[in-house]
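Undergrad: A structural model of the following input is requested.
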Amino acid sequence: MKKTIVLFLFTLVLASCKTEKKKEAKAAESTNDAVAETDDWIYLFDGKTTTGWRAYNGETLPPGWVVKDGALTFDTELGLEQNYKGGKDIIYGTEEFENFELYLEWKLPKGGNSGIFYHLKEGYDGPPVVSPEYQLIDDENYAEIHDLTAYNKSLGYTVKPEELKPLQQTGADYAMHPPDASEKVLHPVGEWNSSKIVFTPERVEHWLNGKKLLSFKPWSKEWYEKKNSDKWKNSKDYGKFKTGYIGLQDHSSPIWFRNIKIRKL
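TA: Predicted structure coming up:
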């Protein structure tokens with residue numbers, strides 16, 4: 001009986017040691033990840049303050065942009081697309097970036113619309129005429145809530161102009177490159193999504209919730225053909241800059257951002 005008890009206690013101690021070693025290994029792994037992240041990533045939002053952020057073409061943060069529940073939030077009522085005349089877009093004005101990997105998390109309400117700008121320069125009427133945009137929008141419900149007909153007809157869409165087009169959907173390089181619908185996993189409105197933009201002179205990538213939606217080579221012959229054939233043909237400075245600010249769009253919609261970080265490539 002004593003031998004059985006001793007053997008049982010020995011087994012318990014051995015199992016406990018193994019468990020402890022696994023925990024230590026996991027902790028070490030987590031620490032290594034944290035150190036690597038601290039070394040590489042620059043956080044553009046600390047979850048508590050709006051430090052570093054200001055209006056596009058402005059010196060202070062526009063009304064409505066606040067920190068709420070740990071998210072950089074544009075706190076407003078939903079406006080209609082047909083009434084949109086431009087918004088209170090903001091930039092991270094501390095530093096311009098050239099080649100980078102940008103990661104952030106975001107969510108929209110039903111019928112919501114926003115976007116992420118990069119290589120953004122000031123001095124223009126608004127970011128879209130100069131900066132590429134990673135589109136954020138409620139793919140499912142937007143066209144039911146907003147009247148897109150006049151806007152789409154102005155772009156030459158004569159077939160079903162009331163619909164949200166692929167170049168306007170979440171993950172698109174807005175009005176330039178559509179997302180791959182077969183790879184898209186878009187969480188329902190009100191739930192968090194993650195987006196990633198990778199920019200180098202050889203390749204630009206848009207990711208959504210861990211899936212790559214598109215890639216293209218900037219300033220290539222194909223890129224210029226796209227730029228000069230559609231919405232940006234009269235915007236001579238669109239996409240031409242090699243460095244610039246990171247910006248977030250107010251498109252008459254509530255929007256929430258968190259975990260905004262960038263690393264230089």
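
Undergrad: the strands in the stretch 101-250 of the chain, which residues?
TA: 113-120, 133-137, 193-199, 204-208, 211-216, 244-248 (DSSP state E, counting those that start in this stretch).

Undergrad: tabulate these (CSV), appending mean neighbour count, distance to Tyr151 and mean pLDDT.
TA: (Each C-beta comes from the backbone N, C-alpha and C, glycine too.) Putting the strands of the stretch 101-250 of the chain into CSV (neighbours: other C-beta atoms under 10 Å; distance: least, C-beta to C-beta, whole Å; pLDDT from 0 to 100) gives the following:
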stretch, mean neighbour count, distance to Tyr151, mean pLDDT
strand 113-120, 24, 12, 98
strand 133-137, 25, 13, 98
strand 193-199, 18, 24, 98
strand 204-208, 21, 22, 98
strand 211-216, 18, 22, 98
strand 244-248, 24, 21, 98
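
Undergrad: in the stretch 1-150 of the chain, which spans are helices?
TA: Assigned by DSSP state H, counting those that start in this stretch, the helices in the stretch 1-150 of the chain fall at 2-40, 142-145, 149-154.

Undergrad: need the strands of the stretch 101-250 of the chain in TSV with distance to Gly126, can you?
TA: As requested, the strands of the stretch 101-250 of the chain are exported to TSV (distance: least, C-beta to C-beta, whole Å):
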stretch	distance to Gly126
strand 113-120	10
strand 133-137	11
strand 193-199	20
strand 204-208	21
strand 211-216	23
strand 244-248	10
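
Undergrad: Trp232: which of these is closest?
TA: strand 133-137 (10.7 Å; C-beta to C-beta).

Undergrad: what sits against Phe74?
TA: 64-65, 88, 114, 248, 250, 253-255 (C-beta atoms under 8 Å, 6 or more residues apart in numbering).

Undergrad: which one of these is nearest Val130?
TA: Nearest member of those to Val130, counting by C-beta to C-beta, is Leu248, at 15.3 Å.

Undergrad: OK, contacts around that closest one?
TA: With C-beta under 8 Å, 6+ apart, Leu248 has these contacts: 72, 74, 89-91, 114-117, 255, 257.
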